[in-house]
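Trainee: based on what follows, work out the 3D shape:
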Amino acid sequence: MSRLRAHVGTATLFAALLAAGIAGAADMPSPVAVKAPAPVVTTSDWRFQATLYGWLTAVDGDVGVRDLPTSPVNASIGDVLENFDGALMGSFMATNGNWLFLGDLVVAKLSHGQNVGLYGASRLDAELDEVIATAAVGYWLPLGIRNVDIAVTGGLRYVDLSAELSLTPALLPVTLSRSQSESWVDPTIGLVANWKIDEKWFVNAVADIGGFGVGSKLSSTGYLGVGYMWTPSLSTAIGYRYLYEDYENSNGNGGSFRYNTTMHGPTVSLAWHF
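Mentor: Residues are numbered from 1 along each chain as shown. Next up is the predicted model:
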């Protein structure tokens, strides 16, 4: 601005001299017009990732419904696929600066039948309908490690579970059937990690632990996967995931519900980054 004022003052002076008849002043350039500064365009710091995934799960643990005895449920991936009734699985992630927001949803219907008891003479059939929704907020730690990011998280996991057991005892011509539904919410704490191997390959890891007697006795999940960026907006990954829940509710009126199982198996995912 000081230079502009200097140009304007000089032009004014020479104009006065020109009016007085001083030769040569007409060769001085006129003042340069000043353009208004271009508006500053701000971009959002939000980044999003929406993921659809498939999870081939095996189920190992114990389930008890009402007055039926707690019975083992050990279904391999092949067993589950043989009696697979459907599932919907997906996750969503948003980041803004150092903050991280996560959401995950699993809706599945599983069934399994097996021989139990002495010499496998009794028959147990189990059906599980479950909705598992997890939400968490995280903060990226300032580690200063090249291409490695780690965040601490805290959140909630909601579990809605319906179980139906049918037990056909040995030597008895009857089938005992019981069903019950339970839902609970677990607080969770955990970690999220990302390692960018290069411009295309990456490794993701997620783990948390929760429950602490608030909802379930103990709840935990973990995931480790390797992915590839096909474009800046599209990636795929394969990995392995487990989910453990140890829950028991007994109201003393024949309504006892026991669920102590681990779901585990490989995953494959497709993610959209925007």
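
Trainee: correct me, but residue 98 touches residue 140?
Mentor: Yes - with contact defined as Cβ atoms under 8 Å, residue 98 counts as touching residue 140 (4.6 Å). For the C-beta atoms, the positions are set from N, CA and C on the backbone; glycine is no exception.

Trainee: please say which of these two ends up with more neighbours.
Mentor: residue 140 (16 against 12; other Cβ atoms under 10 Å).

Trainee: going by contacts, tell me the helices and strands next to the helix or strand in which residue 129 is found.
Mentor: Per DSSP states H and E, residue 129 falls inside strand 122-140. Packed against strand 122-140 by the contact rule (3 or more Cβ pairs under 8 Å, 6 or more residues apart in numbering; DSSP states H and E) you find strand 58-65, strand 71-75, strand 99-116, strand 148-168, strand 176-196.

Trainee: so, low pLDDT: which residues of the stretch 1-150 of the chain?
Mentor: Scanning the stretch 1-150 of the chain for pLDDT under 70 picks out 1-44, 112-114, 116-121.

Trainee: repeat the analysis, applying 80 as the threshold.
Mentor: For the stretch 1-150 of the chain, the stretches flagged by pLDDT under 80 are 1-44, 66-73, 79-80, 82-86, 110-126.

Trainee: and if you look at the stretch 151-274 of the chain?
Mentor: For the stretch 151-274 of the chain, the ranges with pLDDT under 80 are 165-179, 250-255.

Trainee: buried ones in stretch 237-248?
Mentor: Within stretch 237-248, the residues that count as buried by 16 or more other Cβ atoms under 10 Å are 237, 239, 241-247.

Trainee: could you dump those to CSV with secondary structure?
Mentor: Below are the buried residues of stretch 237-248 laid out as CSV (DSSP: H, G, I helix; E, B strand; the rest coil):
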residue, secondary structure
237, strand
239, strand
241, strand
242, strand
243, strand
244, strand
245, strand
246, strand
247, strand
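
Trainee: residue 81 in helix, strand or coil?
Mentor: Of the three states, residue 81 takes helix under three-state DSSP.

Trainee: okay, now it: neighbour count?
Mentor: What residue 81 shows, counting by other Cβ under 10 Å, is a neighbour count of 13.

Trainee: identify the residues contacting it.
Mentor: Shown in contact with residue 81 (Cβ atoms under 8 Å, 6 or more residues apart in numbering): residue 56.
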